[in-house]
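A.B. asks: Sharing a model prediction with you, sequence too.
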Amino acid sequence: MNELTLTKMNKMKLHGMYGAFKTAIETGKADNYTFDQFISMLIEAEWDDKKNRKTDRMIKAARFHYKSSVEDIICNDDRNISKNNLLRLAECNYINNNENLLITGSTGVGKSYIATALGYQACIEGYRTMYFNTTKLFAKLKMAKADGSYLKELAKMQRQHLVILDDFGLQPLDNQNRMALLEIIEDRNGKGALIVTSQLPIKRWYDVIGDKTIADAILDRLIHQSHRIELSGESMRRKRNIISE
């Protein structure tokens with residue numbers, strides 16, 4: 001009878017229940033539960049399994065370049081980031097409020113790591129998230145213009161609760177990239193959250209965007225109701241290399 005039950009659970013893709021039921025039988029712990037406790041245990045196992053599978057799918061769909069976590073971020077005065085501020089961001093209220101997070105700092109100080117860690121946290125909390133290297137995104141959108149899939153790509157981004165634009169400002173924008181950025185920002189204004197990382201301080205973003213009118217339109221929407229992290233200190237990459245040596 002137990003084998004038949006396990007077979008049916010497997011066919012119905014109740015993987016959490018299947019694992020919990022099988023373990024309880026094999027370890028002899030099934031008799032330790034009352035009937036309602038056993039049912040509750042099976043449902044809890046299925047709930048956790050489905051949640052974990054959903055999180056894994058969302059992380060895969062986000063296309064992060066590497067794995068990072070909020071717990072591993074070093075917070076101190078030297079880096080100009082506090083643990084309390086980071087934990088508040090990890091609660092994802094800025095996503096609920098459709099607010100932006102702008103992270104600036106010199107090369108290697110951990111901008112991308114923090115953005116990715118917050119992206120992972122967003123996936124864990126059930127928010128649809130996508131990560132982009134900004135330069136590669138603009139190249140992709142140019143190709144999408146050529147093959148007719150541009151609007152489809154923008155629509156995919158618009159459906160996300162959180163979009164991460166990493167390494168913004170490495171090179172000045174041409175007119176096509178300026179307009180693409182404006183459309184991305186406009187689509188998300190009041191409708192979704194955005195994390196932008198850059199080596200350049202925000203006051204220099206005008207020069208990168210180029211056209212003053214378009215720059216004003218982009219930055220007005222981007223900076224309004226935004227949170228900011230201005231990282232300082234030595235390169236974390238260099239620090240890790242010294243420790244490993």
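C.D. replies: Sure, I can see it.

A.B. asks: contacts and neighbour counts: CA atoms only from here.
C.D. replies: OK.

A.B. asks: Show the average pLDDT along stretch 65-74.
C.D. replies: Averaging pLDDT along stretch 65-74 yields 93.

A.B. asks: Now name the helix or strand holding the spatially closest residue to Leu182 that is not a sequence neighbour.
C.D. replies: Spatial nearest neighbour of Leu182, excluding adjacent residues (CA to CA, 6 or more residues apart in numbering): Ile218 at 5.6 Å. Taking DSSP states H and E as the definition, one finds Ile218 inside helix 212-223.

A.B. asks: CA atoms only for that helix - export them in PDB, please.
C.D. replies: This file holds the C-alpha atoms of helix 212-223, laid out as PDB (Å, rounded to 0.1, in the frame of the first residue of the first chain):
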ATOM      1  CA  LYS A 212      20.900  67.100 -22.000                       C
ATOM      2  CA  THR A 213      17.100  66.800 -22.700                       C
ATOM      3  CA  ILE A 214      17.100  63.000 -22.700                       C
ATOM      4  CA  ALA A 215      19.500  62.900 -19.700                       C
ATOM      5  CA  ASP A 216      17.200  65.100 -17.700                       C
ATOM      6  CA  ALA A 217      14.200  62.900 -18.500                       C
ATOM      7  CA  ILE A 218      16.200  59.700 -17.600                       C
ATOM      8  CA  LEU A 219      17.800  60.900 -14.400                       C
ATOM      9  CA  ASP A 220      14.600  62.700 -13.200                       C
ATOM     10  CA  ARG A 221      12.800  59.300 -13.300                       C
ATOM     11  CA  LEU A 222      15.800  57.300 -12.100                       C
ATOM     12  CA  ILE A 223      16.800  59.400  -9.100                       C
END
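
A.B. asks: tell me how far it is from the chain's mean position?
C.D. replies: Here helix 212-223 is found 24 Å from its chain centre; the criterion is CA atoms, centre = their mean, to the nearest Å.

A.B. asks: helix or strand right after it?
C.D. replies: strand 226-230.

A.B. asks: Counting by contacts, list what that next one packs against.
C.D. replies: Judged by 3 or more CA pairs under 8 Å, 6 or more residues apart in numbering; DSSP states H and E, strand 226-230 is in contact with strand 100-104.

A.B. asks: which residues of this structure fall in strands?
C.D. replies: Remark: strands assigned in the chain by DSSP state E are 100-104, 129-133, 162-168, 193-198, 226-230.

A.B. asks: show me where this protein has helices.
C.D. replies: Taking DSSP state H as the test, the helices found in the chain are 2-11, 15-27, 35-62, 83-90, 93-96, 111-124, 134-147, 150-158, 175-188, 205-209, 212-223, 236-244.

A.B. asks: Spatially nearest residue to the residue most central in space within the chain (excluding sequence neighbours)?
C.D. replies: When CA atoms, centre = their mean is applied to the chain, the residue found nearest the centroid is Gly119 (1.9 Å). In space, not counting the residues next to it along the chain, Gly119 is nearest to Thr129; the distance is 6.6 Å by CA to CA, 6+ apart.
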